[in-house]
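A structural model of the following input is requested.
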Amino acid sequence: MATRMKTSGGASSGDVVAGNLRALKAMRRLTDEQLAARMGVKRSWVQERLSGTRELRLSDLDLFAEAFGVPVARLWYAPWDSNPEPSDSEVAA
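As a prediction, this is how the structure comes out:
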């Protein structure tokens, strides 16, 4: 199931997640080939999802999260954000 929810900035949630995945891949210094090998998929499969050629599905996010060793929910936050959970004051606002 693919979703096209829009963020407040106008980008779809898939665009945000794909950007976060690309940043995480770069921070870990992984090539598309290395990431694909971790995921058990072809390099083209990874490239299509990270470039937006194919929409990200929830099952795709499971594979990416497992390959990066992070929870799926973490993929919605920038990898350099050390505290992605909103604070109490942000939730109350």
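
buried set for the top helix by length along the chain?
The longest helix of the chain (DSSP state H) is helix 13-27. Going by neighbour count (16 or more other CB atoms under 10 Å), the buried part of helix 13-27 is 14-18, 20-21, 24-25. Just so you know, the C-beta spots here come from the backbone N, C-alpha and C atoms, and that holds for glycine as well.

and Arg38, its phi and psi?
Main-chain torsions, Arg38, degrees, to the nearest 10: phi -60, psi -30.

related to what we said a few turns ago, now render the buried residues of helix 13-27 as TSV, adding distance to Gly52.
Listed next are those as TSV, based on distance: CB to CB, whole Å:
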residue	distance to Gly52
Gly14	7
Asp15	7
Val16	11
Val17	10
Ala18	6
Asn20	13
Leu21	11
Leu24	16
Lys25	15
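
quick one, helices of this structure?
13-27, 32-39, 43-51, 58-68, 88-92.
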